[in-house]
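**Student:** Give me a 3D structure for the following:
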Amino acid sequence: MKKLLLIIALLITGIVPLSVKGSSLSFTKGTVNESGTLLDGVTYESFSAETTTDFGTLGKQNISYVKALSGSNTKIVTWAMTYTNKINGGNLIAIAEDYEYNNPEYEVLAAMNGDYYNMTDFTPVNAHVQNGITIKSQNFNLDRYFSVGFTNDDDLYITNKTNEVESYYSLTILDDNRVIKEIEIQGFNQIPQEGNTSVYYNLINIPQLVDTDIFSVRISKALNYGTYYLRGFVNEQVDSIVSDEQYFSIATKSDEISEYLLNGYEIRVQKYMSGVYTGIESVIGVGSQPLENGVIKAFEDINDQSVSFAETRHPRSSFGFTEDGDFVLLTIDGRQVDMAGANLREEAKVMESLGVNNAFNLDGGGSTQLVIKDSGEFVYLNSPSENRRVANAVLIVAPKVVVDCEVSNLNYNSFDFYYSINDGIGEVIETRVYLDGQLLNNTNTSINFTDLELGEIYTVSLEVDYTINENVYTNVFVNKRVNLKPFESEYEKKSPSNFSLQITRNDSINGFEVFVTYDDPDKTLTKMYLMYDGEKEIISKSIGGYLYQMYNAEEGKNYSFKIEYFYRIDTINPVSEVTSATYFYKYETEEEPPITTEITTTSSETYTTITNDSNDRSALDAIAVLTPIFLIGLVGLIYIVRRKK
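**Tutor:** Modelled structure (predicted):
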């Protein structure tokens with residue numbers, strides 16, 4: 001019986017080969033066809049090889065890779081060519097050239113095709129973020145797809161399936177690529193409330209707005225891959241909303257924002273990534289991770305498009321990291337003579353041979369392309385089976401000036417910023433640091449920003465003058481976004497306090513004016529009423545406080561006032577309070593100085609101080625009249641005494 005079971009087990013093993021444990025999986029490197037150095041610590045190589053599958057199938061290969069050591073002055077970025085309303089797609093040379101055109105502070109050393117995509121409209125299957133701009137935030141809904149964010153620090157990368165974005169849209173104002181202001185907008189196609197700003201775009205019915213400043217923005221970008229990304233320059237201030245293929249509109253009830261927009265600056269509207277991708281500037285989608293922590297996965301665990309897809313040989317594109325943090329771009333060519341292509345375990349095996357312990361699979365087939373910059377020109381390092389347009393790419397770039405910066409100790413109104421600037425391709429001449437466009441007179445590389453506005457969004461910009469071959473260039477190398485909104489809850493807001501009333505007769509209205517000032521650092525006050533004689537009158541907001549005008553006041557009447565004020569801290573509806581003190585004022589038409597009434601409110605007591613300097617003024621007038629008379633009399637008395645002598 002035991003022999004029978006053993007025979008059956010052997011037959012099953014022979015009939016159903018193990019795709020994971022097969023001992024035939026192998027890689028043998030052949031002749032090096034091309035190799036070189038792109039930058040200190042960045043090398044490339046193209047060589048022939050042979051691989052054997054788990055099933056013992058031999059394949060001739062053409063393999064190319066670029067490796068950037070962890071200590072090299074490089075950065076890993078993602079890029080897609082975006083036109084007015086879409087990702088346009090391009091071959092790798094076109095994408096590399098487009099990146100350099102839009103990012104003159106960097107030079108592309110190498111670039112490889114990226115994520116799977118819709119071949120009709122070049123929409124990536126998964127998320128895509130470039131330069132911190134959210135082009136597409138979400139990954140494909142099947143479990144096997146996810147995204148990788150490049151941290152460009154010791155963490156190397158972050159993988160994630162379900163991505164998050166901030167709950168609000170941000171409007172960013174730029175002056176020559178330097179961010180000078182960013183605000184949270186109220187939303188799209190919403191009438192802005194007092195102090196707020198909205199964006200109008202893609203409208204069917206145009207609303208009529210009152211007491212609102214409206215500006216048209218000529219569109220340069222208007223993409224919508226799940227969330228809007230709009231960009232353009234302010235065109236002019238207009239009387240009504242403009243929304244068509246050429247323009248979107250900004251409607252604001254903020255004097256500060258209106259002042260910015262009147263200058264015609266560039267505008268960017270988007271939702272930033274949040275969660276694990278907060279602050280991550282480059283994110284791209286992948287199909288699978290065939291090599292994880294040094295282990296080559298089984299086909300069933302790799303999956304990707306399907307198990308059969310993972311098992312089949314195709315041209316392949318992959319990127320990965322070594323345990324030391326070196327970064328590798330790899331292509332395995334196929335569908336050509338002596339170029340068999342690889343299945344995903346073969347791909348992982350090749351990556352393993354290059355020292356990689358975590359590798360990810362990208363789009364392959366006719367999309368597989370790897371370019372390098374050779375003597376100032378982009379050339380293909382691999383042998384593409386097609387010259388196919390692709391949606392996006394992963395690039396290794398070299399900054400013309402090496403910039404490192406870090407934000408730490410974030411609080412609701414403060415943060416620390418550290419930076420270092422060193423020569424790269426260019427030689428540094430001068431560095432300038434800006435906070436929201438304001439030049440700082442600070443030569444320290446470590447800066448503590450304090451007493452900032454509660455829960456606001458700030459940007460620290462680094463602008464550098466540098467030389468290359470005796471030519472002088474100026475570029476913004478850093479726009480570091482610092483969002484203090486998540487820390488706003490740590491601050492306990494305070495209600496309005498320290499009210500002060502100044503009451504002044506105004507003959508033009510046959511009455512008087514009541515001007516109210518107060519302390520409200522957290523901007524919680526919503527409205528205010530003046531209470532007297534059983535009446536309650538709204539007080540209008542004025543410059544520096546609130547103003548009430550009492551028309552046709554009663555001659556000789558003693559008025560008494562209280563103030564009712566409304567504020568909102570953590571409630572949907574405003575809360576009201578009435579000052580405990582009563583304020584008094586007697587209205588008289590004869591000439592008199594203003595009367596000032598003050599109330600100072602603390603957490604436990606209320607103090608009332610009433611001052612009237614009319615009596616003091618009368619005494620001074622009497623002294624002024626009597627003094628000359630007294631002096632004349634004194635002189636006369638002295639004269640009489642002398643005559644008698």
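**Student:** and residue 498, what element?
**Tutor:** Counting by DSSP states H and E, the element that carries residue 498 is strand 497-506.
**Student:** Show me what that strand packs onto, helices and strands only.
**Tutor:** Identification of packing neighbours for strand 497-506 by 3 or more Cβ pairs under 8 Å, 6 or more residues apart in numbering; DSSP states H and E yields strand 511-519, strand 558-567, strand 583-586, strand 595-601. Glycine gets a C-beta too; all of them are placed from N, C-alpha and C.
**Student:** so what does the third one touch, helix or strand wise?
**Tutor:** What that stands for is strand 583-586. Packing contacts for strand 583-586, counted by 3+ Cβ pairs under 8 Å, 6+ apart, involve strand 497-506, strand 558-567, strand 595-601, strand 606-611.
**Student:** swap in the second one?
**Tutor:** Helices and strands in packing contact with strand 558-567 are listed as strand 497-506, strand 511-519, strand 525-532, strand 575-578, strand 583-586; criterion 3+ Cβ pairs under 8 Å, 6+ apart.
**Student:** Now do that strand, average pLDDT.
**Tutor:** Over the span of strand 558-567, the pLDDT mean works out to 94.
**Student:** what's the spacing between the nearest residue to residue 135 once chain neighbours are set aside and residue 81?
**Tutor:** Counting by Cβ to Cβ, 6 or more residues apart in numbering, the nearest residue to residue 135 once its immediate chain neighbours are dropped is residue 128, at 4.6 Å. With distances taken as Cβ to Cβ, to the nearest Å, residue 128 is found 12 Å from residue 81.
**Student:** which of these two has more neighbours?
**Tutor:** Using other Cβ atoms under 10 Å as the criterion, residue 128 and residue 81 rank with residue 128 on top: 28 against 22.
**Student:** can I get the helices and strands packed on strand 558-567 in JSON lines with mean neighbour count, distance to residue 552 and mean pLDDT?
**Tutor:** Converted to JSON lines, these look like this (neighbours: other Cβ atoms under 10 Å; distance: least, Cβ to Cβ, whole Å; pLDDT from 0 to 100):
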{"stretch": "strand 497-506", "mean neighbour count": "18", "distance to residue 552": "11", "mean pLDDT": "92"}
{"stretch": "strand 511-519", "mean neighbour count": "18", "distance to residue 552": "6", "mean pLDDT": "95"}
{"stretch": "strand 525-532", "mean neighbour count": "18", "distance to residue 552": "14", "mean pLDDT": "94"}
{"stretch": "strand 575-578", "mean neighbour count": "13", "distance to residue 552": "26", "mean pLDDT": "94"}
{"stretch": "strand 583-586", "mean neighbour count": "18", "distance to residue 552": "15", "mean pLDDT": "92"}
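**Student:** Direction included, what does the strand holding residue 498 pair against?
**Tutor:** If you go by DSSP bridges, strand 497-506 pairs up with strand 511-519 (antiparallel), strand 595-601 (antiparallel).
**Student:** Would you mind getting the angle between the first one and strand 558-567?
**Tutor:** Comparing the axes of strand 511-519 and strand 558-567 via axes from the mean of the first three to the mean of the last three Cα atoms, to 10 degrees yields an angle of 40 degrees.
**Student:** Name the residues that touch strand 511-519?
**Tutor:** The list of residues contacting strand 511-519 from outside it, by Cβ atoms under 8 Å, 6 or more residues apart in numbering, reads 496-506, 525, 528, 530, 539, 542, 544-553, 561, 563, 565, 585, 587.
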